[in-house]
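Visitor: I would like the atomic coordinates for the input below:
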Amino acid sequence: MARIVGSVGGSPEAAQVVDWTAAEEVVGTRLPADYKELFSHYGEGEFSGYLNLYPPVESNTASIVSWLRSMRTAAETIPYARDAYAPYGLFSPGGTGLLPWGGSVQADEFCWLVGGGDPDAWPIVARSHSEGWHTYPMTMSEFVHRVLHDVGFEGFTVADVVDPPYFERL
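Guide: Presented below is the predicted three-dimensional model:
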C-alpha cells in the first residue's frame with residue numbers, strides 16, 4: 001500500500017469513508033485489510049487508465065456486490081458462461097470461490113480466491129480477456145503495484161506504457 005501511495009500520490013481529502021462492518025455484511029465476508037486501506041485512501045476509481053478498483057457495495061458504477069451478482073446471473077443463465085469460473089466457482093457467503101475486487105478497461109477480471117480463514121492470505125486470481133485464470137500468491141495491493149510498476153508482470157502490466165502511474169476518481 002505504501003509503495004502505491006508513494007508512486008501514485010493521493011491526498012487525504014480524496015479519502016473515502018466506508019462503514020466496513022456494514023459493507024462486509026452486504027458482501028458476506030470479511031475483506032482483506034490492504035483492500036480496505038487502499039479503497040479508503042483512493043475511493044472508487046481507476047489506476048493508470050487501466051485497472052478499476054471496485055467499491056465494496058453499490059455506488060455510481062460497478063461494485064464488488066454488483067459484479068458478483070452479474071457474474072452469478074451470467075453463470076446461471078448463459079450456457080457457455082456456466083463453466084467460465086471453473087475450477088473455482090463464484091463466492092457465496094459462508095463458502096469459497098472467486099470474489100471480484102477489480103477489473104480492467106480491457107475486460108480483465110481480478111478476484112480474490114476466498115478459501116475461508118484469513119482474508120489477508122487469500123491469493124489473487126486473474127484472467128485477461130483472452131486467456132484463462134492465473135493464480136498469484138500475493139495481496140491485492142502487491143498485485144496492483146506490479147500492474148503499475150513491473151514491466152515483466154506478463155498479461156497485466158501497464159508499466160511499459162504509463163509512466164508515471166496515476167489514479168483518477170470516478
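Visitor: starting at the chain centroid, how far to the lengthiest helix in the chain?
Guide: Secondary structure of the chain read by DSSP state H shows that its longest helix is helix 64-77. How far helix 64-77 lies from its chain's middle: 15 Å, per C-alpha atoms, centre = their mean, to the nearest Å.
Visitor: lowest-confidence helix or strand of the chain?
Guide: helix 2-8 (a mean of 80; mean pLDDT, DSSP states H and E).
Visitor: pLDDT averaged over stretch 81-97 - what is it?
Guide: Regarding stretch 81-97, the rounded mean pLDDT is 89.
Visitor: For it, report the contacting residues that lie outside it.
Guide: Residues outside stretch 81-97 that contact it (C-beta atoms under 8 Å, 6 or more residues apart in numbering): 27-29, 68, 71-72, 74-76, 98-99, 113-116, 125, 133. Glycine gets a C-beta too; all of them are placed from N, C-alpha and C.
Visitor: Can you flag the buried ones in the residues you listed?
Guide: Neighbour-count burial within the contacts of stretch 81-97 applies to 27-29, 68, 71-72, 75, 98-99, 113-114, 125, 133; the criterion is 16 or more other C-beta atoms under 10 Å.
Visitor: from these, which is closest to Tyr50?
Guide: Val125 (18.3 Å; C-beta to C-beta).
Visitor: isn't there a strand covering the closest one?
Guide: Yes. Counting by DSSP: H, G, I helix; E, B strand; the rest coil, Val125 is found in a strand.
Visitor: isn't it right next to Thr135, touching?
Guide: Yes. In terms of C-beta atoms under 8 Å, Val125 counts as a neighbour of Thr135; the distance is 5.3 Å.
Visitor: who touches both of the two?
Guide: Counting by C-beta under 8 Å, 6+ apart, the contacts common to Val125 and Thr135 are Leu113.
Visitor: For the least confident helix or strand of the chain, name the packing helices and strands.
Guide: Identification of packing neighbours for helix 2-8 by 3 or more C-beta pairs under 8 Å, 6 or more residues apart in numbering; DSSP states H and E yields helix 140-149.
Visitor: just checking, what packs against the helix it packs on?
Guide: Against helix 140-149 (3+ C-beta pairs under 8 Å, 6+ apart) you get helix 2-8, helix 33-42, strand 45-47, strand 51-53, strand 97-104, strand 109-114, strand 124-127.
Visitor: okay if I get the ones you listed as TSV plus distance to Pro165?
Guide: Output for the helices and strands packed on helix 140-149, formatted as TSV (distance: least, C-beta to C-beta, whole Å):
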stretch	distance to Pro165
helix 2-8	5
helix 33-42	12
strand 45-47	6
strand 51-53	10
strand 97-104	14
strand 109-114	16
strand 124-127	18
